[in-house]
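Student: Just to be clear, the model below is a prediction. Sequence and coordinates:
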Amino acid sequence: MKKSQARVDARVRGDANYVPELPCRKGHALRSVSSGSCIECRRESENLRVSKNRLSYNARKKRERVGKLPELAEKMKVVRATELPEQRAIRLKKAKLAQREWRANNPNHVGSKQAKQRYKKNNPGRVRADTVKRVVSKLHRTPAWLTDDDHWMIRQAYDLAALRTRMFGFAWHVDHVIPLQGKYVSGLHTPVNLQVIPATANIVKANKFTPA
């Protein structure tokens with residue numbers, strides 16, 4: 001088998017990867033100098049192997065990470081000691097958003113359920129206050145002139161959210177396009193002000209409203 005001159009030249013230069021004269025059978029154009037294998041094909045094969053046995057892969061990675069935790073903690077201390085206030089604010093905001101998205105996408109996760117139960121147990125007054133506030137707000141923002149058809153359409157929106165949650169495997173919410181408790185503008189609890197969107201998008205949107 002003829003040696004690849006591109007691989008030979010890359011090895012001389014000390015490069016880790018090289019572009020061969022011909023792509024692989026899948027059309028990828030980057031190979032490893034050490035093994036000569038296609039990097040993209042190898043990545044696809046690894047992803048397929050991991051997806052077939054995700055629990056075993058996660059358990060192995062967790063075991064590997066446990067031994068590195070002290071070293072990682074020391075590295076993070078050094079990084080955060082030199083972190084600017086603006087960088088810290090951005091990092092915390094991203095982390096908080098990532099946590100909200102994960103909880104919205106994993107509502108039935110054991111850890112998520114336990115966290116919700118602990119919060120409700122430790123903050124019964126606040127939970128009740130938030131629930132009552134939401135109910136009262138919706139009642140106050142529901143016009144008396146809504147017809148039976150309007151109320152039927154509202155129920156259909158919530159049925160659609162539940163159906164999409166079962167179909168797609170992640171949570172969907174009924175969102176008020178113009179929030180009921182917006183900072184500058186408040187909408188009504190009417191069919192034309194409702195939209196069914198993924199829970200992550202609803203959580204990110206919060207009580208904000210951006211005019212088109």
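Tutor: Structure's in. What do you need? In this text the structure is predicted, and so the values were computed from the model without any measurement.

Student: Give me the residues contacting the helix-or-strand element of the chain with minimal mean pLDDT.
Tutor: Lowest mean confidence among the helices and strands of the chain (mean pLDDT, DSSP states H and E): helix 124-140, at a mean of 77. Contacts of helix 124-140 with the rest of the structure, by Cβ atoms under 8 Å, 6 or more residues apart in numbering, involve Tyr119, Lys120, Leu180, Gln181, His189. Glycine gets a C-beta too; all of them are placed from N, C-alpha and C.

Student: Least confident of these?
Tutor: In terms of pLDDT, Gln181 ranks lowest among the contacts of helix 124-140, with 79.

Student: what sits against it?
Tutor: When the contact criterion is Cβ under 8 Å, 6+ apart, the partners of Gln181 are Ser137, Asn207.

Student: Now do it against Val135, distance only.
Tutor: Look at Gln181 and Val135: by Cβ to Cβ, to the nearest Å, they are 12 Å apart.

Student: got it, and Ala157?
Tutor: Distance, Ala157 to Val135, using Cβ to Cβ: 17 Å.

Student: What helix or strand is the residue nearest in space to the middle of the chain located in?
Tutor: Taking Cα atoms, centre = their mean, the centroid of the chain lies closest to Glu101, which sits 4.3 Å from it. Glu101 is part of helix 85-105 when elements are defined by DSSP states H and E.

Student: what's downstream of that helix, the next helix or strand?
Tutor: Next along from helix 85-105, by DSSP H and E: helix 110-122.

Student: still on that earlier bit, only alpha carbons, please: show the helix holding Glu101 as CSV.
Tutor: Output of helix 85-105 as CSV, limited to C-alpha atoms (Å, rounded to 0.1, in the frame of the first residue of the first chain):
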residue,chain,number,x,y,z
PRO,A,85,-16.4,40.9,38.2
GLU,A,86,-17.9,41.1,34.7
GLN,A,87,-16.7,37.7,33.8
ARG,A,88,-18.0,36.2,37.1
ALA,A,89,-21.5,37.8,36.4
ILE,A,90,-21.5,36.3,32.9
ARG,A,91,-20.4,32.9,34.2
LEU,A,92,-23.1,32.8,36.9
LYS,A,93,-25.8,33.9,34.5
LYS,A,94,-24.9,31.1,32.1
ALA,A,95,-24.8,28.5,34.8
LYS,A,96,-28.2,29.6,36.2
LEU,A,97,-29.7,29.5,32.7
ALA,A,98,-28.2,26.0,32.0
GLN,A,99,-29.7,24.8,35.3
ARG,A,100,-33.1,26.1,34.4
GLU,A,101,-33.0,24.5,30.9
TRP,A,102,-31.8,21.2,32.4
ARG,A,103,-34.6,21.1,34.9
ALA,A,104,-37.2,22.0,32.3
ASN,A,105,-35.9,19.2,30.0
